[in-house]
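quick one, what's the 3D model for this:
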Amino acid sequence: MSGFDYIIVGAGSAGCTLAGRLSEDADKRVLVIEAGGKDNDWLIKIPIGVGKIIPSGIYNWNYTSAPEPNANDRSVYHPRGKVLGGSSSINMMAYVRGNAADYDRWRQKGLSGWSYADVLPYFRRAEGYELGSDTYHNADGPLRVQRAPADDILFQAFLGAGKEAGHPATEDYNGAVQDGFTRVQYTNDDGERCSAARAYLHPAAGRPNLEIMTETLVNKVIIENGKAVGLEINRKGQISRVDTADGGEVILSGGAYNSPQLLLLSGIGPGEHLRDVGIEPVVELAGVGKNLQDHPSIAIEAAFNKRSAFIKELRYDRLAMHMLRAHFFRTGFGTQNPGQVIAFLKSKPELEIPDLQFFCRQGMSAIQPWFPFVGTPKGDGATLRTCHLRPESRGELTLSSSDPTAPPKFFNNFLSTEEDRRALRVSFKMMRELLAQPSLQALDLTEAKPGHEVQSDDEIDAYIREDVWTVFHPTGTCRMGADPDSVVDLDLKVRGVDGLRVVDASVMPDMVGGNINAPVIMIAEKASDIIRGKAPLPSAEL
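Got it, this is the predicted structure:
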């Protein structure tokens with residue numbers, strides 16, 4: 001196991017993209033290593049199967065945060081994909097790029113080559129958009145993207161409530177205008193999930209220069225004379241080593257938790273912390289694990305006073321038929337996501353871009369399949385959820401021990417600033433305002449959580465502390481920057497170590513305004529050109 005030009009750690013959204021692109025060069029040997037297993041479970045392919053996949057924990061790291069000091073000392077659940085495709089194999093499939101201003105802000109921070117005009121061509125190269133090609137979209141890329149039908153009465157009512165409340169609408173939040181209520185664009189390929197593994201890895205799997213190793217944990221990066229030369233791996237209990245070729249590279253694509261964890265295990269990070277856990281520093285890099293960011297989120301649940309069409313189809317006998325139909329024919333109820341509409345809005349009018357994202361999905365948190373005469377339906381209703389897109393709060397990730405099998409220790413530090421608390425408080429009131437609009441009122445909904453007794457700002461703040469969690473968008477722990485305190489430079493090279501890069505959500509300097517799967521794939525698309533020494537795609541003319 002030696003002589004690889006590129007060894008990629010992690011076969012998630014970034015790792016699959018890199019494996020597919022880098023192995024296009026037939027004279028380069030590529031190895032991708034994934035701690036999880038294969039993604040051949042049919043529940044991964046079927047969009048509604050996500051309701052079973054995430055709780056099962058089979059394809060999931062099942063991380064929990066340390067107690068959050070501003071959230072009643074609760075530990076917050078953080079599922080992350082542990083399977084080929086990574087989190088793109090277990091997510092809700094939303095295709096969201098963020099706001100153009102996010103990437104222009106990166107450029108203003110010194111990240112030349114990462115403005116919106118610079119990254120849009122890579123978004124387009126990745127995308128296979130069902131409605132065709134234009135300035136913002138491309139029909140021919142590997143990642144299939146379709147618009148949700150959103151024809152359920154709940155989704156139509158949500159869109160109608162937005163209009164009644166005076167909010168804008170947008171046809172294409174990934175186009176010229178993000179602001180407003182809209183249907184979700186999601187990574188659905190005619191009824192099946194289009195993960196990064198499906199889009200990039202599986203089509204490349206037959207190439208003789210690409211090797212895929214699953215169920216393999218990487219213990220550390222091996223560094224000799226200041227250069228990453230290989231990895232120590234644990235494959236089903238057997239410790240061994242894989243090595244790069246002369247001039248080869250190791251690329252970490254484990255995400256915002258696992259990539260900094262592996263750097264720390266390899267002796268790259270804050271020296272004092274490394275010594276505290278018994279690891280001798282190889283390169284002291286203070287920023288590793290710092291700058292953790294995520295989108296804090298809260299929800300309001302409303303119960304239907306009469307049985308909904310959605311809960312009727314969750315009867316075990318009907319659900320079984322839906323799953324079979326989805327599996328064999330890629331049609332019907334099982335091929336649709338339970339959340340098909342979103343909105344991007346501002347928490348105060350003077351903001352230049354939206355800082356809140358709203359979601360609407362069928363069912364409340366207690367919803368589950370049921371069977372007549374055995375039980376009654378539970379959780380029948382609607383959930384409105386909102387998240388703060390650009391929180392000021394910053395968390396941190398550290399090692400819990402020097403044992404590679406031990407999960408990292410991290411906390412998000414949610415709600416640590418008044419601005420973060422204000423934004424979520426405003427978003428709570430906006431959700432209540434939406435529920436009061438005629439379109440949603442016509443569905444005969446009654447607020448079930450938190451209930452109308454929560455009215456004052458103090459009561460709302462108390463509910464937020466009790467309810468806040470994450471919509472699973474961790475970023476920033478291996479920050480990219482032009483400054484010496486950043487973890488990676490503008491080419492995503494780890495400072496102080498040759499032959500080592502990080503390519504995943506951890507390199508984002510700050511949050512983008514939306515779900516992060518599409519931006520991570522874009523970063524990997526752009527990184528593949530950087531790594532191969534290719535000229536960047538021409539900047540977009542907007």
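
same question for stretch 13-31: list its buried residues.
13-23, 28-31 (16 or more other Cβ atoms under 10 Å). Heads up, the C-betas are built off the backbone N, CA and C, glycines and all.

how distant is the worst-scoring helix or strand of the chain on mean pLDDT from the center of its chain?
When the helices and strands of the chain are compared on mean pLDDT, DSSP states H and E, helix 50-56 comes out lowest with a mean of 85. When distances are taken as Cα atoms, centre = their mean, to the nearest Å, helix 50-56 is centred 16 Å away from the chain's centroid.

now swap in stretch 200-211 and tell me
The answer for stretch 200-211 is 24 Å, by Cα atoms, centre = their mean.

and the end-to-end length of stretch 211-229?
18 Å (Cα to Cα, to the nearest Å).

so what's the backbone phi/psi at Gly278?
Per-residue torsions, Gly278: phi 90, psi 20 (degrees, to the nearest 10).

I'd say it and Leu399 touch.
No: between Gly278 and Leu399 there is no contact under Cβ atoms under 8 Å: 9.5 Å.

okay, helices next: where are they in the stretch 401-542 of the chain?
418-435, 438-441, 457-467, 517-532 (DSSP state H, counting those that start in this stretch).

what's stretch 442-449 in contact with?
With Cβ atoms under 8 Å, 6 or more residues apart in numbering as the test, stretch 442-449 has contacts from 153-154, 157, 299-306, 364-365, 381-382, 432, 435.

buried stuff in that stretch?
Leu443, Leu445, Glu447, Ala448, Lys449.

of these, just say which sits nearest to Ile212.
Lys449 (43.5 Å; Cβ to Cβ).

now Thr383, what are its backbone angles?
According to degrees, to the nearest 10, Thr383 has phi -120, psi 120.

and it, how many neighbours does it have?
22 (other Cβ atoms under 10 Å).

look up how far Gly339 lies from it.
Going from Thr383 to Gly339 by Cβ to Cβ, to the nearest Å gives 8 Å.

how many neighbouring residues does Arg425 have?
That count, for Arg425 with other Cβ under 10 Å as the rule, works out to 17.

quick check: closest non-adjacent residue to Tyr122.
In space, and not counting its chain neighbours, Tyr122 is closest to Glu525: 4.2 Å by Cβ to Cβ, 6 or more residues apart in numbering.

what does the pLDDT read for that neighbour?
You'll see Glu525 listed with a pLDDT of 98.

just checking, it touches Asp118?
No: between Glu525 and Asp118 there is no contact under Cβ under 8 Å: 11.9 Å.

and the two? which has more neighbours close in?
Glu525 (27 against 21).

now do the contacts for that one.
With contacts defined as Cβ under 8 Å, 6+ apart, Glu525 is in contact with Thr17, Arg21, Tyr122, Arg125, Ala126.

from the residues you listed, which ones fall inside strands?
Assignment to strands by DSSP state E places none of those there.

low-confidence ranges, the stretch 1-150 of the chain, go.
Low-confidence regions of the stretch 1-150 of the chain, defined here as pLDDT under 70, do not occur.

what do you get if the cut-off is 90, keeping everything else the same?
For the stretch 1-150 of the chain, applying pLDDT under 90 flags the ranges 1, 48, 50-57.

quick revisit: restricted to helices, list the contacts of Glu525.
The helices, defined by DSSP state H, take in Thr17, Arg21, Tyr122, Arg125, Ala126 from the contacts of Glu525.

tell me which of the helices of the stretch 401-542 of the chain sits nearest to Trp106.
Comparing the helices of the stretch 401-542 of the chain by Cβ to Cβ, helix 517-532 comes nearest, at 10.8 Å.

ok so, going back, residues of the least confident helix or strand of the chain that come out buried?
Val50, Gly51, Ile53, Ile54.

before we move on, what about stretch 152-168?
Asp152, Leu154, Phe155, Ala157, Phe158, Leu159, Gly160, Ala161, Gly162, Glu164, Ala165, His167.

cool, and stretch 311-324?
Ile311, Glu313, Leu314, Arg315, Leu319, His322, Met323.

in helices, which of those appear?
Applying DSSP H to these, the entries found in helices are Ile311, Glu313, Leu319, His322, Met323.
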